[in-house]
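Visitor: generate coordinates for the sequence data below:
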Amino acid sequence: MTAQWQGINSIMINPHKDIAMQEENGAALTEMKWGVDLNNAINRRIVNESHATFLQLQDVGTDSSIDNKFLGISVAYRSMLQTCKEELNKMMNEEKDDSLLNDLRDQCDLISIMEMVWHLTEILILVSQPGGYCLSQLLGWVKQHFTDVDEAVHSLIAADDVYNHSEYWHTINGLLLQGRLSEVADLLKHHPQRDQSTYDEFASIEELLLKMPVFEVYQGQSVNDFQGKWKAWQEECCHRFKDGDFDKIPQLKGICEVLTGQSSALENCRNFNQSWYEMLVAKLLYTEPTVTIFNLKRHAVPSINMFSSMDQLTPLDKITVALLALDVHKTIQQTSEVLPNWWFSSHLADLLYHSGKLPDNDDRYILPKFDTDSLIPRK
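Guide: Numbering: from 1, shown residues only. Next up, the predicted model:
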């Protein structure tokens, strides 16, 4: 029996070895077809454009000592996904047909999820962080992939009256939870409630925001030195909060309470987050800034319980929890089960294998089930 490709999802089967035998016996060719989700233009572009990066990775080999090389390849994969997502957004802006628009939106959501998971894998698994400290990378991850607050900022700036805008304080709290404190200070700077003739609550909160210590692990700062500065800063926040410095303006009092790391204050900010992923990073920022990758799963559980429970995880939640647990094999298994094709799992597994993060002696992989459940985390 022989076969010949007829397209992306079709093979013609010949029951004989050659055409002459087929004609002699009068046997007909049989066409085999199956459904695939790689037959749209964007997905075909992902497959085609990732080919060169894949070949580059094969040339690198399996030298786990060259992290920068593997990081560059990982960034190239993510950049390609980002480009495809931007193209989909452009197509959505131009599309008038509701049915086609929904298809484009679904494709964009899927690529966004793939990019987000790949980026988190890069941070936690692929690149070795000095001492395992990872908060600054997680803050960058949240800022890049949870962009509702950026859209709110743009809307706010474009408004005629920024300070009376209905989303003004909501936007400030969103920025606060992402650790973008200088942007919060900028939005507070010219507030009309400021009264410099008496005690200026706005100046006081701005001082606290801009004085918050940042752990500069790449600049040789010691953990003890940072923790000393952090403790002194947070004690100052607590003193001003308890002394009632912000009692006259409840919104500023709420900001200061978050800075003190009060768990109740963070829980009250639940509605300012898109998901428990953001809440996890926010809680770490104000309670455990020297967290290491080895303790992330333990910290994740309380944040998950604020939104649902460990028994009600979405497929994307399960992938994220596997990453936070640093379980590489479970991550590949989950993506194979949930994502609708092999592209993501195979390329990510190939990169992790070459970088020495994925041993080749494990037999726990299973065939994908192509789960169609929602990947989007609960709000």
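Visitor: list the contacts of the most centrally placed residue in the chain.
Guide: Centroid-nearest residue in the chain: residue 116, 3.5 Å away (criterion: CA atoms, centre = their mean). Neighbouring residues of residue 116 by CB atoms under 8 Å, 6 or more residues apart in numbering: 141, 145. Every residue, glycine included, has its C-beta placed from N, CA and C.
Visitor: from residue 274, how far off is it?
Guide: 11 Å (CB to CB, to the nearest Å).
Visitor: please apply the same query to residue 301.
Guide: 19 Å.
Visitor: what is the burial count for residue 248?
Guide: The number of residues packed near residue 248 is 13, by other CB atoms under 10 Å.
Visitor: and if you look at residue 214?
Guide: By the criterion of other CB under 10 Å, residue 214 has 16 neighbours.
Visitor: pLDDT score for the closest residue to it other than its chain neighbours?
Guide: Closest residue in space to residue 214, ignoring its immediate chain neighbours: residue 136 at 7.7 Å, by CB to CB, 6 or more residues apart in numbering. At residue 136, the pLDDT value in this model is 94.
Visitor: what's the answer for residue 260, then?
Guide: On the pLDDT scale, residue 260 is placed at 97.
Visitor: quick check: phi and psi at it.
Guide: The phi and psi values for residue 260, taken as degrees, to the nearest 10, are phi -70, psi -10.
Visitor: and it, how far is that from residue 231?
Guide: For residue 260, the distance to residue 231 equals 12 Å [CB to CB].
Visitor: more crowded one of these two?
Guide: Taking neighbours as other CB under 10 Å, residue 260 and residue 231 compare with residue 260 leading, 19 against 11.
Visitor: who's in contact with the more buried one?
Guide: Shown in contact with residue 260 (CB under 8 Å, 6+ apart): 234, 237, 238, 241, 286.
Visitor: now the third one: closest residue in space, sequence neighbours ignored.
Guide: Of all residues beyond its chain neighbours, the one nearest residue 238 is residue 260 (5.0 Å), with distances taken as CB to CB, 6+ apart.
Visitor: beyond the worst-scoring helix or strand of the chain on mean pLDDT, next helix or strand please.
Guide: Using mean pLDDT, DSSP states H and E, helix 19-25 stands out as the lowest-scoring helix or strand of the chain, at a mean of 55. Downstream of helix 19-25, the first helix or strand assigned by DSSP states H and E is strand 30-33.
Visitor: give the partner strands of that following strand in its sheet and their orientations.
Guide: Strand 30-33 sits in its sheet next to strand 10-14 (antiparallel), going by DSSP bridges.
Visitor: which of the residues in the strand it pairs with are buried?
Guide: Of the residues in strand 10-14, residue 14 count as buried by neighbour count, 16 or more other CB atoms under 10 Å.
Visitor: and if you look at stretch 42-50?
Guide: Those would be 42, 43, 46, 49, 50, for stretch 42-50 by 16+ other CB under 10 Å.
Visitor: biggest separation within those residues, which pair?
Guide: For the buried residues of stretch 42-50, the farthest-apart pair by CB to CB is 42 and 50; their separation is 12.5 Å.
Visitor: CA atoms only for stretch 258-277, dumped as PDB, please.
Guide: Provided in PDB are the C-alpha atoms of stretch 258-277 (Å, rounded to 0.1, in the frame of the first residue of the first chain):
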ATOM      1  CA  VAL A 258      -2.200  47.800  50.800                       C
ATOM      2  CA  LEU A 259       1.400  49.100  51.300                       C
ATOM      3  CA  THR A 260       1.400  47.800  54.900                       C
ATOM      4  CA  GLY A 261       0.800  44.300  53.500                       C
ATOM      5  CA  GLN A 262      -2.500  43.700  55.400                       C
ATOM      6  CA  SER A 263      -4.100  40.500  54.000                       C
ATOM      7  CA  SER A 264      -7.600  42.000  54.500                       C
ATOM      8  CA  ALA A 265      -6.600  45.000  52.400                       C
ATOM      9  CA  LEU A 266      -5.400  42.800  49.600                       C
ATOM     10  CA  GLU A 267      -8.500  40.700  49.700                       C
ATOM     11  CA  ASN A 268     -10.600  43.900  49.400                       C
ATOM     12  CA  CYS A 269      -8.700  44.600  46.200                       C
ATOM     13  CA  ARG A 270      -9.900  41.300  44.600                       C
ATOM     14  CA  ASN A 271     -12.100  43.200  42.000                       C
ATOM     15  CA  PHE A 272      -9.100  45.200  40.800                       C
ATOM     16  CA  ASN A 273      -7.500  42.000  39.400                       C
ATOM     17  CA  GLN A 274      -8.300  40.000  36.300                       C
ATOM     18  CA  SER A 275      -7.400  36.700  38.000                       C
ATOM     19  CA  TRP A 276      -5.700  35.000  40.900                       C
ATOM     20  CA  TYR A 277      -2.400  35.200  39.000                       C
END
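Visitor: buried ones in it?
Guide: Quick answer for stretch 258-277 (16+ other CB under 10 Å): 258-262, 265-266, 269, 272-277.
Visitor: again, but for stretch 93-111
Guide: Buried residues in stretch 93-111, counted by 16+ other CB under 10 Å: 95, 104, 107, 108, 110, 111.
Visitor: return the distance of it from the chain's centre.
Guide: 21 Å (CA atoms, centre = their mean, to the nearest Å).
Visitor: with stretch 228-243 instead?
Guide: Offset of stretch 228-243 from its chain centre (CA atoms, centre = their mean): 31 Å.
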